[in-house]
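Asks: Build the 3D model from these lines:
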Amino acid sequence: LAAEAGAEGAEPVSFLSYMLQDGDRAAIGKEDRTLYPRLLAVDNEMVVPVNTVVRLLTTAGDVIHSFALPSLGVKVDSIPGRINEYYFEAVREGIFYGQCSELCGRDHAFMPIAVRVVSQEQFDNWLAAAADSVENANSLLTAEIEAAGAVVASR
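Replies: Prediction:
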């Protein structure tokens, strides 16, 4: 995730995102299956600010994959040895889910994509905290959303 939106001079934040395992739900506070659906929820969502154009660069290390988020109008192939570029802009807050949509082989059905769209202020707070710990930044973001009484809808 390139940290360009609203955070001048911010360092890029890098993290891995894996499908959320049922046994890990309680430990990270993602037990609500309506908000964090089985086989779609991940341990670390990509966090982006609302009403901001996001530049997405994709590649693959093994076979062709496809980064697909239908509700955000995103589908871009990830090809080994190439970098593909795509832009999107989320116009409402929430969690948006997608999957690899290329028949890429083993574990194809277990490659979910989750993007959490938040306000610019929440993004800036998350980005500052993520410089030290993405896990703590995610916890703080969730607490901030819940404290504001916002209903985080999934799409």
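
Asks: can you pull up the bridge partners for the residue nearest the centre of the chain?
Replies: Nearest to the geometric centre of the chain sits Met46, at 2.2 Å (CA atoms, centre = their mean). Counting by DSSP bridges, Met46 is bridged to Val115.

Asks: these two touch, right, it and Ser14?
Replies: No - judged on CB atoms under 8 Å, Met46 makes no contact with Ser14 at a distance of 11.4 Å. Bear in mind the C-beta positions are built from the backbone N, C-alpha and C, glycine included.

Asks: isn't there a helix covering Ala129?
Replies: Yes - judged by DSSP: H, G, I helix; E, B strand; the rest coil, Ala129 forms part of a helix.

Asks: quick one: which helix or strand includes the nearest residue to it once chain neighbours are set aside?
Replies: Spatial nearest neighbour of Ala129, excluding adjacent residues (CB to CB, 6 or more residues apart in numbering): Ala137 at 3.7 Å. Assigned by DSSP states H and E, Ala137 falls within helix 134-147.
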